[in-house]
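Asks: output the structure for:
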Amino acid sequence: MSPSEDSPTLDVSDLDQYMGVPMEPGELKEPVATNDIRRWVQAMHYPNPLHYDERWAAASRFESIVAPQSFTVACDTSHGCSPAQVGLIPSSHLIFGGDDWWFFGPRVRPGDRMVCHRMPYDYRVTDTSFAGPTCFQRGDTLYINQRGERVAQQRSTAIRYQVREAKEKKLFSEPTEPEWTDTALADLEQQKLPFIDQIQQLQHLPRPFESVQIGDALAGNVIGPHSLASFTTEWRAFPMTTWGATAKGPTTVRAEALGYTKEMAGFEGDRRMERVNPELTDGAYYGPSRGHLQPRWAQHVGMPRGYGYGASMGAWIIDYVAAWAGEWGAVTHSSAQYRHPAFTGDATFFAGEVVDKRVERRRHLAVVKVELTSQDHTVMAKATVEVELPSEATP
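Replies: This next block holds a predicted model:
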């Protein structure tokens, strides 16, 4: 049925020409530093000493500090977003809708240099309660280190929508932050302890494949309450947000050419403007990203208040399962869908369960279902994560 003249439409006619066409790679100027890794786990609320304590790490299988697998996204110049937002969609904005990650074995260590190869993958348009006609666009980023090794591939989903429709529908109509009593905050800290204890108790020991059973529950965890301060800490953990940090990328296309509204377009990522007035290129202050940290601009794009980053939510999920797997295990694939933003004042609760286990091409794999919910039981994200575990039968 064709839409009526009064029905909202989404013009995606410009997108087809970009699908399957490789983009300019992304690359940071500096190699990975130990403090980049420390800053990352601090921002992601991941208290695993393997990634920040040199004495703990020296006793590990890695013999020194190594990055968590979630850190891979911090080696990009657009946290995986660029190949998922090519093409003009007039009067639009973007939020993250999910990520698929495939990890190939090599870990990121201090001194590594990563080049990120990108290509738009596909898109589809569907009607949503959030913004009516909405484009779900996907793009791939392949992370390759200086040795030519494939570290990971990320397939990000961007949700591109018309700002006017989102503001009119008011799906997220919660302008006031929830209030937390001192007792409730103390309880949140208690709920974080099982996750921390799980890491401390396993230490450097393996979690054997044979010891894992379908139905096993992972230790729960809590992150939050979130705040503008915590979201800012997350943003600043990406080296790309430092003035002058990128050698290539994140993009040669201005935000206005992608269809961002004039108020949100700005000069984010513009290397020419960075040489003149770098504040105008900083996503914390101006441009499409500022809605995360500035409530006025959050409301401008259909959000009630400051909200978190999809790339961070994906990292939380990977870290959550990796902590359970231990240093001898490794996430091989994570498929996550982000259903509800993390708003300031909210807390995020983690639950995970082993739902399958199998041996595939001599790899011993456990499959974990993960669900993230808010304090009012709203589902924020769901994920299926595959983990390779060591086997007692393997010599």
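Asks: ranges for the helices of the stretch 151-300 of the chain?
Replies: Under the criterion DSSP state H, counting those that start in this stretch, helices of the stretch 151-300 of the chain are mapped to 163-169, 182-202, 228-236, 255-258, 262-265, 271-274, 295-300.
Asks: among these, which comes closest to Trp243?
Replies: Judged by Cβ to Cβ, the one of these that comes nearest to Trp243 is helix 271-274, at 6.4 Å. Heads up, the C-betas are built off the backbone N, CA and C, glycines and all.
Asks: nearest to Pro25, of the helices of the stretch 151-300 of the chain?
Replies: Using Cβ to Cβ, the nearest of these to Pro25 is helix 271-274, at 14.6 Å.
Asks: state the distance from the residue lying closest to Gly329 once chain neighbours are set aside to Val359.
Replies: For Gly329, ignoring the flanking residues on the chain, the nearest one in space by Cβ to Cβ, 6 or more residues apart in numbering is Leu389 at 4.8 Å. Counting by Cβ to Cβ, to the nearest Å, the gap from Leu389 to Val359 is 11 Å.
Asks: got it, and Arg160?
Replies: The value you get for Arg160 to Val359, if Cβ to Cβ is used, is 41 Å.
Asks: who has more neighbours, the two?
Replies: Arg160 (26 against 11; other Cβ atoms under 10 Å).
Asks: where are the low-confidence patches of the protein?
Replies: Under the criterion pLDDT under 70, the flagged ranges of the chain are 1-8, 168-175, 249-253, 394-395.
Asks: all the strands of it, in order from the start?
Replies: For the chain, strands defined by DSSP state E occupy the ranges 26-28, 92-103, 114-128, 132-145, 150-162, 221-223, 246-248, 330-338, 348-360, 363-373, 379-388.
Asks: note down every partner strand of the last one and its orientation.
Replies: The reference is to strand 379-388. Partners of strand 379-388 in the sheet, by DSSP bridges, are strand 330-338 (antiparallel), strand 363-373 (antiparallel).
Asks: reformat those strands as TSV; add distance to Phe267 and mean neighbour count.
Replies: Below are those laid out as TSV (distance: least, Cβ to Cβ, whole Å; neighbours: other Cβ atoms under 10 Å):
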stretch	distance to Phe267	mean neighbour count
strand 330-338	27	20
strand 363-373	33	19
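Asks: want to throw those into JSON lines with distance to Pro83?
Replies: Formatted as JSON lines, these follow (distance: least, Cβ to Cβ, whole Å):
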{"stretch": "strand 330-338", "distance to Pro83": "17"}
{"stretch": "strand 363-373", "distance to Pro83": "25"}
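Asks: nearest to Ala393, out of the ones you listed?
Replies: Across those, closest to Ala393 is strand 363-373 (Cβ to Cβ), at 8.6 Å.
Asks: quick check: angle from the closest one to strand 348-360?
Replies: 160 degrees (axes from the mean of the first three to the mean of the last three Cα atoms, to 10 degrees).
Asks: contacts only, for the residue nearest the centre of the chain.
Replies: Most central in the chain under Cα atoms, centre = their mean is Ala311, positioned 1.5 Å from the mean C-alpha point. Taking Cβ atoms under 8 Å, 6 or more residues apart in numbering, we find Ala311 in contact with Val73, His79, Gly80, Cys81, Phe96, Asp99, Phe238.
Asks: do Arg160 as well
Replies: Leu10, Gln85, Ile89, Ser92, His93, Leu94, Thr134, Cys135, Phe136, Gln137, Gly259.
Asks: OK, contacts around the first one?
Replies: If a contact means Cβ under 8 Å, 6+ apart, then Leu10 has Ile89, Ser92, Val125, Gly132, Pro133, Thr134, Cys135, Arg160, Tyr161, Gln162 as its contacts.
Asks: and of these, the nearest to Arg107?
Replies: Distances from Arg107 to the contacts of Leu10, taken by Cβ to Cβ, are shortest for Arg160, at 33.4 Å.
Asks: quick check: closest non-adjacent residue to that closest one.
Replies: Cys135 (4.3 Å).
Asks: any idea what the one you found is bridged to?
Replies: Residues in beta-bridge contact with Cys135 (DSSP bridges): Val125, Arg160.
Asks: show me the contacts for it.
Replies: Cys135 sits next to Leu10, Val12, Leu15, Ile89, Ser92, Tyr123, Arg124, Val125, Ile159, Arg160, Tyr161 when contact means Cβ under 8 Å, 6+ apart.
Asks: excluding its backbone neighbours, what's nearest the first one?
Replies: This points to Leu10. Pro133 (3.9 Å).
Asks: show me what contacts that neighbour?
Replies: Counted by Cβ under 8 Å, 6+ apart, Pro133 has contacts Pro8, Thr9, Leu10, Val125, Thr126, Asp127, Tyr161, Gln162, Glu165.
Asks: is it possible to get CSV of these that adds distance to Leu185?
Replies: CSV is the format used below for the contacts of Pro133 (distance: Cβ to Cβ, whole Å):
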residue, distance to Leu185
Pro8, 42
Thr9, 46
Leu10, 42
Val125, 43
Thr126, 39
Asp127, 40
Tyr161, 35
Gln162, 39
Glu165, 37
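Asks: let me have the contacts of Cys135 in CSV, extended by distance to Met23.
Replies: What follows is the contacts of Cys135, written out as CSV (distance: Cβ to Cβ, whole Å):
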residue, distance to Met23
Leu10, 23
Val12, 18
Leu15, 14
Ile89, 17
Ser92, 19
Tyr123, 15
Arg124, 20
Val125, 22
Ile159, 20
Arg160, 17
Tyr161, 22
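Asks: of these, just the buried ones, PyMOL syntax please.
Replies: With 16 or more other Cβ atoms under 10 Å as the criterion, this PyMOL line picks the buried residues out of these:
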select buried, resi 10+12+15+89+92+123+125+159+160+161
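Asks: so which two of the contacts of Cys135 are the farthest from each other?
Replies: Ser92 and Arg124 (15.3 Å).
Asks: now the terminal residues of stretch 290-298, how far apart.
Replies: End-to-end distance for stretch 290-298: 8 Å, by Cα to Cα, to the nearest Å.
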